[in-house]
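1. Attaching a predicted model along with its sequence, questions to come.
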Amino acid sequence: MDIAEDTLWKTGNLGRDWRRWARWLISIAVIGGSGLLVICFDRPILGSSLTGLAVLLLVIAVALWVYDYTSVVEARMVDDPEPVIWIRTVSGREERFTPDSMVTVTLVCTPFASGPDTSNEERAFFNQQYQKAVLRLRTRDGRRLHGRTAPYVSVAEMDQVMAAWLRVCPQAHQYREYRPVGTGTGD
């Protein structure tokens, strides 16, 4: 994540991730086709189950696609006659907000999981990196914006992002949430 001076948020992948959606569609087609094929071989319960699973996966994929389609991939400070926050989504839609319109800025950071068998070198690396980070914004009119996940970002970059938001929107409530993940089974 390269952060310029006027950049408030930027993910590595700014466009649509077609390979991800192609994998979803191929999986759904294989499961649905298998279900229809099994129905033809006089196994209606198994075939109906597979076909139903394909339909369920299709509904989930469409919901995830819509969520990703509206994700913020870039936010910058633009100096027009007055300062404006310029936001671009995955779909290419561009919006402009005044700094006063932002009420809440939340940065959700997920650190790497480290367990008792993690070496000191790995711990030193994990203390300087986040597994992923997500930006969440709320405007004065109640609108909520979510950023696309930025994977493998450094702590210094996230400090720089929060400092930039604090400089641009000092009146907004600034939060940094940590959502740790477990190292595996809790045995």
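-> That came through, no problem.
2. Check which element follows the helix or strand of the chain with the lowest mean pLDDT along the chain.
-> Across the helices and strands of the chain, mean pLDDT, DSSP states H and E gives its lowest value to helix 120-126, namely a mean of 70. Heading C-terminal from helix 120-126, the first helix or strand you meet, by DSSP states H and E, is strand 129-139.
3. so after that next one, what's the next helix or strand?
-> On the C-terminal side of strand 129-139, the nearest following helix or strand under DSSP H and E is strand 144-146.
4. can you list contacts of that following strand?
-> Here strand 144-146 makes contact (CB atoms under 8 Å, 6 or more residues apart in numbering) with Y67, T70, S71, V72, I87, V134, L135, R136, L137, R138, T139. For the C-beta atoms, the positions are set from N, CA and C on the backbone; glycine is no exception.
5. which one among the residues you listed gets closest to T118?
-> Of all the contacts of strand 144-146, V134 has the smallest distance to T118: 24.2 Å, by CB to CB.
6. mind checking how far the nearest residue to L137 once chain neighbours are set aside is from V134?
-> Distances taken as CB to CB, 6 or more residues apart in numbering put L145 closest to L137, at 4.2 Å, once the chain neighbours are dropped. Plainly put, L145 is 11 Å away from V134 if you go by CB to CB, to the nearest Å.
7. Then C109?
-> According to CB to CB, C109 and V134 sit 8 Å apart.
8. Now stretch 145-155: average pLDDT?
-> Averaged over stretch 145-155, pLDDT sits at 85.
9. Looking at the contacts of strand 144-146, which is nearest E157?
-> Nearest to E157 among these, counting by CB to CB, is L135 at 12.1 Å.
10. Which strand residues bridge that closest one?
-> In this structure, L135 has the following beta-bridge partners (DSSP bridges): L107.
11. got a list of what it touches?
-> If you count contacts by CB under 8 Å, 6+ apart, L135 has them with W9, V72, A75, V105, T106, L107, V108, H146, G147, V161.
12. So what's the residue count around the fifth one?
-> A total of 18 residues lie near T106 under the criterion other CB atoms under 10 Å.
13. Hmm, it is touching E177, no?
-> Yes. In this structure, T106 sits in contact with E177. The criterion is CB atoms under 8 Å, and the distance is 6.2 Å.
14. Please identify every residue contacting each of those two.
-> Shared contacts of T106 and E177, counting by CB under 8 Å, 6+ apart, come down to nothing at all.
15. mind listing the helices for the chain?
-> All helices of the chain, identified by DSSP state H, fall at 18-40, 44-69, 120-126, 155-168.
16. Which strands and helices lie in contact with the first one?
-> In other words, helix 18-40. Using 3 or more CB pairs under 8 Å, 6 or more residues apart in numbering; DSSP states H and E as the contact criterion, the neighbours of helix 18-40 among helices and strands are helix 44-69.
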